[in-house]
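> quick one: sequence plus predicted model below, questions after.
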Amino acid sequence: MADVDADIGVVGLGAWGSATLWRLAHRGVDVLGFERFEPGHALGASHGGSRMFRLSCYEHRGLVALAKRSLQLWRELAAAAGVPLLDLSGGLLIGAPAGRMISQTLANARDFDLDVERLDVTELRRRFPQHEGVPAEHVGVWEPSAGLLRPEAAVKAAVAVSARLGARVCPDTRVVRIEPVSGAVLLHTPTQTFRVRRAIVAVGAWCSALIPRLPLRIIRKPITWFALQGPPGQFSVERFPMFKRECADGRVLWGCGAYDSADVKLGLEAKGSWVPAEIDPDLLDRSTSLADWEELGRVVSKALPGVRPVPTRVSVCMGTHTPDNQFVLGPVGGDPRLIVATGESSQGFKHATGIGEFLAQTAVGEAPTVPLPFTDPDRFLTKKP
Ligand SMILES: Cc1cc2nc3c(=O)[nH]c(=O)nc-3n(C[C@H](O)[C@H](O)[C@H](O)COP(=O)(O)OP(=O)(O)OC[C@H]3O[C@@H](n4cnc5c(N)ncnc54)[C@H](O)[C@@H]3O)c2cc1C
């Protein structure tokens with residue numbers, strides 16, 4: 001007789017949790033998934049129509065192998081679900097050659113044999129005339145294998161394929177407390193308690209409510225779409241693919257061309273407001289105002305004169321950052337029953353499938369396909385305050 005309701009419980013089915021559920025179900029593990037809303041909702045970090053994918057990952061050398069593995073798994077998931085999830089229309093970085101973004105991208109490309117092309121400013125202006133005012137000393141890096149993922153469709157696909165493989169999914173079910181007990185973990189919802197051998201907690205910005213010891217900071221981030229001054233030709237995603245561009249004043253403008261008949265999506269990397277630690281993410285202000293896009297509009301009017309600098313649509317998203325801006329993945333305090341996945345640091349969607357595999361392997365005791373030692377949660381817990 002089973003003494004547990006499932007071998008593994010996955011709490012939170014956003015990008016990371018849904019991919020984890022899939023990789024566990026793929027292994028034939030008896031797994032239960034809990035999501036407090038409907039999978040694919042717009043209240044966490046995994047919505048907004050598109051997410052950038054790059055292999056070159058200047059954010060950390062150790063992420064290149066993860067992105068490569070994630071790409072294989074994104075293709076596998078799209079094939080299993082029978083829906084398009086990934087559009088590799090290429091990606092462009094623009095910035096100072098000595099800056100971290102460009103120099104680390106080129107270093108990773110060299111060290112990990114990635115296909116990238118360095119563009120001097122003349123070539124950059126010729127191929128991407130939409131970008132106005134690029135300083136003469138800046139360069140471009142073109143990565144043909146970069147592109148865009150579809151976040152809502154990806155989450156729904158991972159949940160649907162998992163269910164087909166035997167995972168049990170509980171939508172609209174909030175886990176309100178996690179209680180490690182002898183040989184198991186109790187997952188308490190408002191109406192029921194589930195007993196599992198191991199729990200993987202992938203609740204993003206809501207992590208502190210369930211696992212309070214991690215130094216997480218939540219950022220409220222606007223996502224913004226803009227219409228064009230003229231006809232769409234120059235700004236289709238094929239001609240104006242995903243990009244990140246260091247402006248002359250050091251701010252980073254990011255975006256991508258019109259995709260699925262939507263407008264051009266643009267943002268400023270550092271734009272957002274830190275949410276005070278005591279504020280529950282449920283109380284985040286989701287209304288939008290001029291303050292959410294005014295500065296971006298000014299940057300856009302100079303950098304992309306083909307775009308109208310007043311947005312057609314603004315929505316609010318949440319980022320969860322750690323002090324070193326790297327992920328938090330693994331058992332907490334050495335307890336193998338409780339595995340955490342948070343701290344996505346506004347760069348974690350592209351890696352979701354690889355992270356799901358890493359977490360599934362950690363939970364079942366398999367050697368990881370891509371080891372991620374720099375994401376160990378205990379790097380924060382063992383430090384003295
Ligand atoms: C504006 C913005 C732009 C970004 N752009 C990119 C990009 O271009 N490329 C890229 O790679 N990354 C990007 N990111 C980062 C990426 O979107 C995130 O890393 C990723 O979505 C994180 O997924 P997650 O599963 O950790 O969080 P979430 O998607 O927020 O999932 C957490 C889930 O847990 C559920 N939950 C919470 N509490 C409970 C509970 N108690 N019980 C049950 N369920 C619960 C929530 O409802 C939610 O569904 C961006 C992030 C932002 C904010």
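Ah, there it is.

> for the rest of this, base every contact and every neighbour count on C-alpha atoms.
Fine.

> tell me the contacts of the residue of the stretch 251-385 of the chain at minimum distance from the ligand?
Relative to the ligand, the nearest point of the stretch 251-385 of the chain is Gly348 (3.1 Å; Cα to the nearest ligand atom). Each residue near Gly348 by Cα atoms under 8 Å, 6 or more residues apart in numbering is listed here: Phe327.

> any idea how many residues pack against Arg195?
Arg195 has 21 neighbouring residues, counting by other Cα atoms under 10 Å.

> where does the residue of the stretch 251-385 of the chain closest to the ligand sit: helix, strand or coil?
Under DSSP: H, G, I helix; E, B strand; the rest coil, the three-state class of Gly348 is coil.

> quick check: phi and psi on it?
When read as degrees, to the nearest 10, the backbone of Gly348 gives phi -100, psi 0.

> Arg51 too?
According to degrees, to the nearest 10, Arg51 has phi -140, psi 140.

> before we move on, what about the one 10 residues further on?
With angles defined as degrees, to the nearest 10, Arg61 shows backbone torsions of phi -60, psi -30.

> can you pull the pLDDT of it?
If you check Arg61, the pLDDT there is 96.

> quick check: closest non-adjacent residue to it.
Nearest residue to Arg61 in three dimensions, chain neighbours excluded: Asn108, at 6.6 Å (Cα to Cα, 6 or more residues apart in numbering).

> related to what we said a few turns ago, next one: the residue of the stretch 251-385 of the chain closest to the ligand from Leu63, what distance?
From Gly348 over to Leu63 the distance is 10 Å, taken as Cα to Cα, to the nearest Å.

> what of Gly33?
From Gly33 to Leu63 the distance is 26 Å (Cα to Cα).

> before we move on, what about Cys170?
Cys170 is 31 Å from Leu63, by Cα to Cα.

> higher neighbour count, these two?
Remark: of Cys170 and Leu63, Leu63 carries more neighbours, 22 against 17, as counted by other Cα under 10 Å.

> phi, psi for that one please.
phi -90, psi -10.

> spell out which parts of the stretch 51-200 of the chain neighbour the ligand.
Residues of the stretch 51-200 of the chain lying close to the ligand (Cα under 6 Å from any ligand atom) are 51-53, 173-176.

> got the domain ranges for the chain?
According to automatic domain parsing, the chain is divided into the following domains: 6-49+151-215+324-381, 91-144, 217-321.

> ranking these by burial, who's on top?
Mean neighbours per residue, mean count of other Cα atoms under 10 Å, is largest over these for domain 6-49+151-215+324-381, with a mean of 21.

> what about the helices in the stretch 51-200 of the chain?
Ranges of helices within the stretch 51-200 of the chain are 63-81, 100-111, 121-127, 151-164, based on DSSP state H, counting those that start in this stretch.

> which one of the ones you listed lies nearest to Arg217?
Closest to Arg217 of those, according to Cα to Cα: helix 63-81, at 21.5 Å.

> which parts of that closest one are buried?
Within helix 63-81, the residues that qualify as buried are 63-71, 73-74, 77-78, 81, counting by 16 or more other Cα atoms under 10 Å.

> counting by contacts, list what that helix packs against.
strand 86-87, helix 151-164, helix 352-364 (3 or more Cα pairs under 8 Å, 6 or more residues apart in numbering; DSSP states H and E).

> could I get these as a markdown table with distance to Phe243?
Rendered in a markdown table, the data for those read as follows (distance: least, Cα to Cα, whole Å):
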| stretch | distance to Phe243 |
| --- | --- |
| strand 86-87 | 14 |
| helix 151-164 | 18 |
| helix 352-364 | 20 |
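
> can you put these in TSV and add distance to Arg126 and mean pLDDT?
Below are the helices and strands packed on helix 63-81 laid out as TSV (distance: least, Cα to Cα, whole Å; pLDDT from 0 to 100):
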stretch	distance to Arg126	mean pLDDT
strand 86-87	24	96
helix 151-164	32	98
helix 352-364	35	98
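
> my guess is Phe380 contacts Leu216. True?
No: judged on Cα atoms under 8 Å, Phe380 makes no contact with Leu216 at a distance of 10.2 Å.

> just to revisit the earlier point, looking at the domains of the chain, which has the lowest confidence?
domain 217-321 (a mean of 91).

> start and end of stretch 343-353, how far apart?
16 Å.

> do stretch 355-373 and the ligand meet?
No: shown here: stretch 355-373 not in contact with the ligand (Cα under 6 Å from any ligand atom), separated by at least 9.7 Å.

> possible to save the helices of the stretch 51-200 of the chain as a markdown table with distance to Val203?
Formatted as a markdown table, these follow (distance: least, Cα to Cα, whole Å):
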| stretch | distance to Val203 |
| --- | --- |
| helix 63-81 | 20 |
| helix 100-111 | 29 |
| helix 121-127 | 41 |
| helix 151-164 | 14 |
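
> who does Arg245 bridge with?
Beta bridges link Arg245 to Ile94, Leu253 when assigned by DSSP bridges.

> look up how far Ala303 lies from it.
Here the criterion is Cα to Cα. By it, Arg245 lies 9 Å from Ala303.

> how about Gly48?
Applying Cα to Cα to Gly48 and Ala303 gives a distance of 23 Å.

> what do you get for Asp376?
Distance from Asp376 to Ala303, by Cα to Cα: 39 Å.

> same question for Thr193.
54 Å.

> circling back to that earlier point, out of the helices of the stretch 51-200 of the chain, which comes closest to Val10?
helix 151-164 (11.5 Å).

> Met318 against Gly44, yeah?
Yes: judged on Cα under 8 Å, Met318 makes contact with Gly44 at a distance of 5.9 Å.

> shared neighbours, those two?
Joint contacts of Met318 and Gly44 (Cα under 8 Å, 6+ apart) are Ala205.

> where along the stretch 201-350 of the chain do the helices fall?
Under DSSP H, counting those that start in this stretch, the stretch 201-350 of the chain gives helices at 207-210, 294-303.

> can I get those helices in a markdown table with distance to Gly9?
As requested, these are exported to a markdown table (distance: least, Cα to Cα, whole Å):
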| stretch | distance to Gly9 |
| --- | --- |
| helix 207-210 | 14 |
| helix 294-303 | 41 |
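
> good, wrapping up.
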